[in-house]
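Novice: Sequence and computational prediction follow.
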Amino acid sequence: MDPLKDLVSGRPLIEGRGAPIDGGIYVGGDGVRTVVDSDVTRQPRLNAVMIEAGEFLTKNQDGILGVIPALARKYLPVNPDSYELICNNPNKPDRFQLQVFLKHTDKDGREFGGGGPDQQALLAALMLERYYKDKYKHDFVTKITGKMPKVAVVKDPTDKHARVLVSTRRGDIYEFDPQRGDNKFKKI
């Protein structure tokens with residue numbers, strides 16, 4: 001089944017099974033629309049983070065489900081003040097690129113950035129999706145069976161924030177929930 005599309009941009013809506021993270025758009029419970037696109041021409045800062053994270057993950061493949069949330073927190077901390085400043089700007093666009101929420105330093109050396117738990121979950125999901133695509137693209141078992149770990153972003157039914165779910169090739173399911181303060185994926 002094809003994922004639903006955003007009516008304005010035509011991008012796939014990131015929510016649930018079968019929806020790609022990279023290239024999609026996520027609509028949070030508060031209505032904030034976040035575009036996830038690691039294309040270097042559209043979101044160069046996000047692309048740079050993905051390259052840096054990919055290099056780190058290639059060297060540190062053990063415990064990947066523990067490392068990804070730490071990287072997401074490093075590059076995109078949950079920061080309610082920053083989130084409010086970005087999202088409540090009177091000249092705000094109708095959707096935000098994920099890179100807007102990334103931690104960065106201005107020319108005077110001051111640190112800025114951070115977003116809500118939804119944006120941190122999206123970054124973690126993007127990192128994991130990219131990692132699995134790179135790791136398994138030449139894997140013999142994956143080519144024969146078609147089985148590859150799956151990454152999905154779902155809205156929590158109670159408070160509508162984003163959670164990341166991962167289904168491994170063995171069928172185990174893990175969850176990362178930044179709203180709850182998770183610091184690693186937990187088996188569910």
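Specialist: Looks like it arrived, so ask away. Numbers count the residues shown, from 1 in each chain.
Novice: name the element Lys133 belongs to?
Specialist: Under the criterion of DSSP states H and E, Lys133 resides in helix 117-136.
Novice: Give the other helices and strands that that helix contacts.
Specialist: Packed against helix 117-136 by the contact rule (3 or more C-beta pairs under 8 Å, 6 or more residues apart in numbering; DSSP states H and E) you find strand 33-36, helix 44-59, helix 64-75, strand 150-155, strand 162-167. Glycine gets a C-beta too; all of them are placed from N, C-alpha and C.
Novice: which stretches of the protein have low pLDDT?
Specialist: Applying pLDDT under 70 to the chain picks out residues 1-3, 16-18, 40, 61-62, 137-147.
Novice: Once you drop chain neighbours, what's closest to Ser9?
Specialist: Distances taken as C-beta to C-beta, 6 or more residues apart in numbering put Ile25 closest to Ser9, at 6.0 Å, once the chain neighbours are dropped.
Novice: So for Asp108, which of the helices and strands packed on helix 117-136 sits nearest?
Specialist: Relative to Asp108, the nearest member of the helices and strands packed on helix 117-136 by C-beta to C-beta is helix 44-59, separated by 17.9 Å.
Novice: helices and strands around the closest one, which ones?
Specialist: With contacts defined as 3+ C-beta pairs under 8 Å, 6+ apart, the packing partners of helix 44-59 are helix 64-75, helix 117-136.
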